[in-house]
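A.B. asks: Next input, structure requested:
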Amino acid sequence: MILYTIGFSKKTAKYFFELLREDGVKTLIDVRKNPHSQLSGFAKSKDLEFFIKEIINGKYIYLEIFAPSEELIKNYRKKKINWQKYKQIFNKELQNKKEKISQVIKNVDFNKACLLCSEDKPDRCHRRLVAEFLKKEFFPNLKIKHLI
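C.D. replies: Residues are numbered from 1 along each chain as shown. Have a look, this model is predicted:
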């Protein structure tokens with residue numbers, strides 16, 4: 001089983017959808033806290049739902065359960081905490097929701113799915129942490145590939 005991750009920032013819509021199509025992504029799983037933001041450009045949730053269906057014949061799902069808390073986002077953006085602390089707190093948030101997550105993921109096919117967030121690279125993005133959490137806690141044979 002393979003799970004992809006992707007960020008939309010610093011990508012054109014053309015490049016973004018080509019990446020998804022080239023790797024045969026079937027489902028785009030949005031893990032952002034606010035998928036409706038005007039800052040999202042072509043990646044607003046309602047637009048993505050349409051584009052994913054039309055361009056890659058896939059499915060769009062929004063799973064807020066994988067989004068970081070508002071407080072965590074705020075503290076990181078205001079530089080009150082560094083990436084290491086963010087990572088530690090976010091992983092704890094995931095662990096605290098593990099029971100709920102186990103129920104939610106029963107209805108999701110993660111094979112050839114792709115976790116979406118805004119950061120262009122996965123190294124300092126929570127989508128990577130979500131992918132690693134899923135591998136560690138639920139799918140030990142999961143392969144993770146970051147589309148950049």
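
A.B. asks: Enumerate the positions of the worst-scoring helix or strand of the chain on mean pLDDT that are buried.
C.D. replies: Lowest mean confidence among the helices and strands of the chain (mean pLDDT, DSSP states H and E): helix 45-56, at a mean of 94. Residues of helix 45-56 classed as buried: 45, 48-49, 51-52, 56 (neighbour count, 16 or more other Cβ atoms under 10 Å). C-betas here are computed from N, CA, C, even on glycine.

A.B. asks: residue with max distance from the center of this structure?
C.D. replies: residue 80 (23.6 Å; Cα atoms, centre = their mean).

A.B. asks: can you pull out the helices in the protein?
C.D. replies: For the chain, the helices defined by DSSP state H occupy 13-22, 45-56, 70-77, 83-96, 98-104, 126-137.

A.B. asks: Could you list every helix and strand in contact with the fourth one?
C.D. replies: I take that to be helix 83-96. helix 70-77, helix 126-137 (3 or more Cβ pairs under 8 Å, 6 or more residues apart in numbering; DSSP states H and E).

A.B. asks: if you compare those helices, which one is most tucked away?
C.D. replies: The highest average neighbour count among the helices and strands packed on helix 83-96, using mean count of other Cβ atoms under 10 Å, belongs to helix 126-137 at a mean of 21.

A.B. asks: angle of that one against helix 83-96?
C.D. replies: Helix 126-137 and helix 83-96 are oriented at 50 degrees to each other (axes from the mean of the first three to the mean of the last three Cα atoms, to 10 degrees).
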